[in-house]
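Participant: Just to be clear, the model below is a prediction. Sequence and coordinates:
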Amino acid sequence: MDCSVGSNSTNGFVELMGTSGDAPRKIVTGDAGYVLEDVPHLTDYVPDLPIVVHKSSPRGRHFRRAGPRQKVYFESDEVHACIVTCGGLCPGLNTVIREIVCGLYHMYGVKKVLGIDGGYRGFYSRNTITLTPKVVNDIHKRGGTVLGTSRGGHNTAKIVDSIQDRGINQVYIIGGDGTQRGASVIYEEIRRRGLKVAVAGIPKTIDNDIPVIDKSFGFDTAVEEAQRAINAAHVESESIENGIGLVKLMGRDSGKFHTNQCMRLLQVEMLDCCLIPESPFYLEGPGGLFEYIEKRLKENGHMVIVIAEGAGQELLSESLHSSNQKDPSGNKLLQDVGLWISQRIKDHFSRQKKMSINLKYIDPTYMIRAVPSNASDNVYCTLLAQSAVHGAMAGYTGFTVAPVNGRHSYIPFYRIIERQNKVVITDRMWARLLSSTNQPSFMTAKDVIEYTREEEPPAQMSDDNSSSDDKLVNKETLTG
Ligand SMILES: Nc1ncnc2c1ncn2[C@@H]1O[C@H](COP(=O)(O)OP(=O)(O)OP(=O)(O)O)[C@@H](O)[C@H]1O
Ligand SMILES: O=P(O)(O)OC[C@H]1O[C@](O)(CO)[C@@H](O)[C@@H]1O
Ligand SMILES: [Mg+2]
C-alpha cells in the first residue's frame with residue numbers, strides 16, 4: 001500500500017504514510033515546524049471504538065525548559081556578573097563557579113565576573129574576587145568553595161544596595177534551601193526597585209531536601225563517599241563476634257540523602273537498619289530497636305546500622321537537656337544522635353548480660369561534604385552552570401535551574417522554597433527499604449493513620465526520589 005492520508009487533528013496535521021506491506025507511520029505536524037512521530041492507536045484502524053473511561057484530570061504543571069535562546073537581552077560588554085556561594089560545603093561548588101565563569105566568557109564573550117567573598121554577607125562586608133577562566137582553571141579539582149561561604153548575614157537591603165552600587169546585572173547564587181530563600185527575597189527587592197538585574201539560583205546540598213528537582217549537585221558524590229564509611233562499618237562488624245557497625249550521616253531533618261544511600265547499599269545486602277527523621281523509632285520493648293538488634297545478631301552474627309543525624313532527636317531531648325539552639329541561618333542545631341545511640345546500645349547489652357556486643361561507631365559527616373565532586377557530578381554541575389548562564393543572558397530571572405524528570409528547567413523561586421523535600425514513609429521507596437532490611441517499622445496502625453492525616457502523602461503511590469506531586473513535566477520550549 002502506498003499511503004499518505006492527511007487529516008486535521010486538534011494538535012495539527014496528521015499524515016499516515018506507508019509503503020506497500022508496511023504499517024503506516026503516524027506523523028503529526030503543527031505550527032513552527034513541530035513534528036510528532038506518534039505511536040499507532042487502535043482508533044487509527046478500528047472504526048467507532050468506544051471510549052470506556054475518560055477521566056478529566058488536570059494536565060500537570062509545566063516549567064520552562066533550560067537552554068540557549070534565540071533572543072538574548074544582554075550585550076556581552078554590558079554584563080557585570082557576580083557569583084556567591086552560601087550555606088554548608090558540598091562537592092561540586094568549585095565546578096559550578098568554574099563553569100559559570102567559562103560559560104559567560106566562552107559562550108557569550110562576557111569579561112566582567114566577580115566572586116563575592118564569604119556568602120551573602122560578603123556583598124556588603126568583604127572584598128570581591130575577580131574571576132577569569134585562568135583564575136578558575138583547575139578549581140574543580142578541589143573540594144570546598146574558592147569563594148568561601150557563611151550562614152546568616154542576609155541583609156536584603158544592603159545586598160541589593162551593593163549590587164546596585166557595583167553595577168552588577170547578573171547574580172548567580174549557589175546554595176541550599178536557605179540560600180534559595182535568600183535569593184528569592186533579593187529578586188523581589190530587585191524587582192521592586194525596577195533594576196535590570198537577572199537573579200539565578202543553582203541548588204546545592206548533600207541533604208537533597210530541595211523539593212521539585214530531581215536532585216541537587218554534590219548528592220551523588222556524597223552518596224559515593226558515604227558508601228566508603230558504610231563499607232568500613234561492614235568490614236569491622238563482620239570481623240568480630242556480635243559486631244555492630246554504626247554510621248551517622250548528615251541530612252538535617254530530611255532522610256532523603258540517607259534513604260538513597262541505604263537503598264544503594266541494600267543492593268549488596270550490607271545494611272540491616274536505616275533510621276531517618278521522618279520515621280520515629282523507639283529503643284526498648286517489643287518491636288523496639290534493641291529487640292531487633294538482638295534478633296539480627298542471633299541470625300547473622302553482625303549488623304550495620306545507618307542513622308541520619310536528624311533521627312531520634314525527640315528521644316535525645318527526653319534524656320538529655322533539650323536544646324533549642326539555632327545556627328546563624330536559623331537552622332536548628334542537632335544533638336549528636338550517633339554518640340548517644342551508641343552509648344544506649346552498649347548500656348543496654350551490658351545491663352542485660354545475655355549477649356556481649358562489639359560496637360564501632362563511624363562519623364564521616366564532614367569528610368563526606370569536603371571532597372571534590374566525582375565525574376558524574378562534574379558533568380551535572382557543568383550543565384547546571386551553562387543553563388543558568390543561558391537563562392540569565394536570555395533575560396529570565398527569579399529562577400532556580402535544575403532537572404525535573406530528567407530535563408533541565410527554570411523553576412520559579414516560589415516553587416522551590418514552598419516546602420522541604422522529605423521521605424514519605426507511606427510511599428513505595430520506604431516500604432521497599434523496610435522489606436529489604438526487615439527492620440521494624442516502629443509504627444502502629446494508629447501512627448500510620450495519624451501520619452497520613454498530617455503529612456497528606458500523595459494520592460498515588462510515588463516512586464524513588466520524589467513524591468508524585470513532584471512529578472511535573474517540562475514545557476519543551478526550544479526558543480524563548
Ligand atoms: N528565609 C530566608 N530569607 C533570607 N535569607 C535566608 C533565609 N533562609 C536562609 N537565608 C540565608 O541563606 C544562607 C544560607 O542558608 P543556610 O545556612 O540555611 O544554608 P542552605 O543554603 O540551606 O545550605 P545547606 O543547608 O545545604 O547548608 C544564609 O546566609 C542565610 O542567612
Ligand atoms: O556546616 P555546619 O554549620 O556544621 O552544618 C552542618 C549541616 O550542614 C549540612 O551539611 C548541609 O545542610 C547538613 O547536612 C548539616 O546538618
Ligand atoms: Mg539547608
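Facilitator: On my side now, so go ahead. Ligands and ions are numbered 1, 2, ... in the order given.

Participant: Which helix or which strand is home to residue 348?
Facilitator: Residue 348 is part of helix 337-352, with elements assigned from DSSP states H and E.

Participant: Can you name the residues in contact with that helix?
Facilitator: 244, 246-248, 283-284, 289-290, 293, 307, 309-313, 316, 319-320, 355-357, 359, 361, 363 (Cβ atoms under 8 Å, 6 or more residues apart in numbering). No exception for glycine: its C-beta is placed from N, CA and C like everyone else's.

Participant: any idea of the mean pLDDT for that helix?
Facilitator: For helix 337-352, mean pLDDT rounds to 94.

Participant: mind listing what's buried in that helix?
Facilitator: Counting neighbours by 16 or more other Cβ atoms under 10 Å, one finds that the buried residues in helix 337-352 are 337-338, 340-342, 344-345, 348-349.

Participant: so where's the stretch 301-450 of the chain uncertain?
Facilitator: 319-323, 444-450 (pLDDT under 70).

Participant: Let's see that with 90 instead.
Facilitator: In the predicted model of the stretch 301-450 of the chain, residues 308-326, 331-335, 352-355, 417-450 satisfy pLDDT under 90.

Participant: All the helices of it, in order from the start?
Facilitator: 313-319, 337-352, 365-369, 375-393, 413-417, 428-437, 445-455 (DSSP state H, counting those that start in this stretch).

Participant: count of residues packed around the residue lying closest to residue 277 once chain neighbours are set aside?
Facilitator: The spatial neighbour of residue 277 that comes closest, neighbours along the chain excluded (Cβ to Cβ, 6 or more residues apart in numbering), is residue 310 at 3.7 Å. Number of residues near residue 310 (other Cβ atoms under 10 Å) recorded here: 23.

Participant: Now the stretch 1-150 of the chain against ligand 3: closest residue?
Facilitator: Ligand 3 sits closest to residue 87 of the stretch 1-150 of the chain, with a gap of 5.8 Å, by Cβ to the ion.

Participant: distance of that residue from residue 424?
Facilitator: 25 Å (Cβ to Cβ, to the nearest Å).

Participant: returning to what we had before: ranking the helices of the stretch 301-450 of the chain by burial, who's on top?
Facilitator: Highest mean neighbour count of the helices of the stretch 301-450 of the chain: helix 375-393, a mean of 23 (counted as mean count of other Cβ atoms under 10 Å).

Participant: quick revisit: looking at this, the residue of the stretch 1-150 of the chain closest to ligand 3 is in a helix?
Facilitator: No. Residue 87: not assigned to a helix; according to DSSP: H, G, I helix; E, B strand; the rest coil it is coil.

Participant: quick one: contacts for it?
Facilitator: Each residue near residue 87 by Cβ under 8 Å, 6+ apart is listed here: 119, 149, 151, 175-176, 178-179, 204-205, 329.

Participant: returning to that earlier point: ligand 2 next: which of the contacts of helix 337-352 are close?
Facilitator: Residues of those in contact with ligand 2 (Cβ under 6 Å from any ligand atom): residue 309.

Participant: Where does the protein get nearest to ligand 3, residue-wise?
Facilitator: Closest point on the chain to ligand 3, by Cβ to the ion, is residue 176, at 3.7 Å.

Participant: Look at the closest residue to that residue other than its chain neighbours and report its pLDDT.
Facilitator: Ranked by Cβ to Cβ, 6+ apart and with sequence neighbours excluded, the top spatial neighbour of residue 176 is residue 205, at 3.7 Å. According to the prediction, residue 205 has pLDDT 81.

Participant: and the stretch 201-350 of the chain, which residues reach ligand 2?
Facilitator: 205-207, 250-252, 309, 327.

Participant: quick one: low-confidence parts of the stretch 151-300 of the chain?
Facilitator: Applying pLDDT under 90 to the stretch 151-300 of the chain picks out residues 205-212, 214-216, 218-220, 222-227, 249-272, 274, 276-281, 285-287.

Participant: one more time with 80
Facilitator: Applying pLDDT under 80 to the stretch 151-300 of the chain flags the ranges 206-209, 251-270.

Participant: Indicate the residue of it located nearest to ligand 2.
Facilitator: Closest contact between the stretch 151-300 of the chain and ligand 2, by Cβ to the nearest ligand atom, is at residue 250 (3.2 Å).

Participant: could you list every residue that touches that residue?
Facilitator: 206-207, 257, 308-309, 365, 368-369.

Participant: Most widely separated two among the residues you listed?
Facilitator: 308 and 369 (14.4 Å; Cβ to Cβ).

Participant: and stretch 208-227, how far out from the chain's middle?
Facilitator: 5 Å (Cα atoms, centre = their mean, to the nearest Å).

Participant: Next, the distance between the ends of that stretch.
Facilitator: One end of stretch 208-227 sits 16 Å from the other (Cα to Cα, to the nearest Å).

Participant: hang on, the earlier thing: does the residue nearest to residue 277 really touch residue 248, like I thought?
Facilitator: No. Using Cβ atoms under 8 Å, residue 310 is not in contact with residue 248; the gap is 10.4 Å.

Participant: rewinding a little: look up how far residue 141 lies from the residue nearest to residue 176.
Facilitator: Relative to residue 141, and taking Cβ to Cβ, residue 205 is found at 21 Å.
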